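[1] sequence first, then the predicted structure:
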Amino acid sequence: MTVLVITGTGTEVGKTVATAAVAAAAAAAGRSVAVLKPAQTGLLPGERGDADEVARLAGAVTAVELARYPEPLAPATAARRSGLAPVRPEEVAKAAAELAAGHDLVLVEGAGGLLVRFTDEGDTLADAARLLDAPVLLVASAGLGTLNTTELTARELRLRRLDLLGVVIGSWPDGPDLAARCNLADLPAVADAPLLGALPEGAGALRPADFRYAATGWLAPRLGGTWDAKAFTAERQAP
């Protein structure tokens, strides 16, 4: 696996922190890593973006951003309103391929969910993943409502014949409620894909050194970690 596309079931599900954890685990294994953010919205020039945050947490990571739009909107809308050019899937695929030539792993982090539009013509992160022929990692929330958005995203990936590598819970709460505990078994069932990790709530607020040390314990071996989905689920499973 040279290129991995990382998307979420929506916004604020922990996608950037999950991307940082995957990057940190790969770096700990001695792999060179690049993170590519096709479209960053809601930030002005000079402000730190998601790719910068991944590099801050994960360490020696090449961070690349293709386009930035000042308003916190979907990339297509933000590009149109700002008068700036939108990002197209072909640009994303080309940039990822160039990074892959010099890195062992390239992480392409989307904006929001899988079908958030990059262009007014309807181009999305899914189109970039198809051009790259890259697997997709889905970051989901833990609690009530996550099963619907997870299953919808997984179905769309299958319709597009894209490989869903698995699901990572972007923020596992300190005090999980009944829905979250039940979802440990239900998420992989509705996604028809394995649960590949669970990041603790507040992981992104850790000191970078502590984040890097702990990251492998949050991710399954498929992502370079030691996390065991069966053991995690058994310990927290609802009665």
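    That came through, no problem. Numbering: from 1, shown residues only.

[2] residues of the helix or strand hosting Val106 that come out buried?
    Using DSSP states H and E, Val106 falls within strand 105-113. Neighbour-count burial for strand 105-113, counted by 16 or more other C-beta atoms under 10 Å, picks out Leu105, Val106, Leu107, Val108, Glu109, Gly110, Ala111, Gly112, Gly113. C-beta here means a position set from N, CA and C on the backbone, and glycine is covered the same way.

[3] buried stuff in the next helix or strand after that strand?
    Toward the C-terminal end, the helix or strand that comes next after strand 105-113 (DSSP H and E) is helix 125-132. By neighbour count on 16+ other C-beta under 10 Å, the buried set for helix 125-132 is Leu125, Ala126, Asp127, Ala128, Ala129, Arg130, Leu132.

[4] can you lay out the residues you listed as TSV showing pLDDT and distance to Pro45?
    TSV is the format used below for the buried residues of helix 125-132 (pLDDT from 0 to 100; distance: C-beta to C-beta, whole Å):
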residue	pLDDT	distance to Pro45
Leu125	97	23
Ala126	97	28
Asp127	97	27
Ala128	97	24
Ala129	97	28
Arg130	97	31
Leu132	96	28
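
[5] from those residues, pick the one nearest Glu91.
    Of all those, Ala128 has the smallest distance to Glu91: 8.6 Å, by C-beta to C-beta.

[6] specify the beta-bridge partners of Leu4.
    Beta-bridge partners for Leu4, by DSSP bridges, are Leu107.

[7] residue ranges for the strands of the protein, please.
    Remark: strands assigned in the chain by DSSP state E are 3-8, 33-41, 61-69, 105-113, 136-140, 164-172, 195-200.

[8] redo the ones you listed as a markdown table? Include distance to Gln237 and mean pLDDT.
    Output for the strands of the chain, formatted as a markdown table (distance: least, C-beta to C-beta, whole Å; pLDDT from 0 to 100):
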| stretch | distance to Gln237 | mean pLDDT |
| --- | --- | --- |
| strand 3-8 | 25 | 98 |
| strand 33-41 | 34 | 97 |
| strand 61-69 | 35 | 97 |
| strand 105-113 | 28 | 96 |
| strand 136-140 | 18 | 98 |
| strand 164-172 | 14 | 98 |
| strand 195-200 | 13 | 98 |
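
[9] compare these and give me the one nearest Ala185.
    Nearest of the strands of the chain (C-beta to C-beta): strand 195-200, 8.9 Å.

[10] quick one: contacts of that closest one?
    The contact list for strand 195-200 (C-beta atoms under 8 Å, 6 or more residues apart in numbering) reads 14, 17-18, 21, 137, 142, 165-172, 174, 184, 187-188, 218-220, 222-223, 225, 227, 229, 232-233.

[11] for the helix or strand bottoming out on mean pLDDT in the chain, packing partners?
    Here the helix or strand of the chain ranked lowest by mean pLDDT, DSSP states H and E is helix 229-236, holding a mean of 92. Packing partners of helix 229-236 (3 or more C-beta pairs under 8 Å, 6 or more residues apart in numbering; DSSP states H and E): helix 178-191, strand 195-200.
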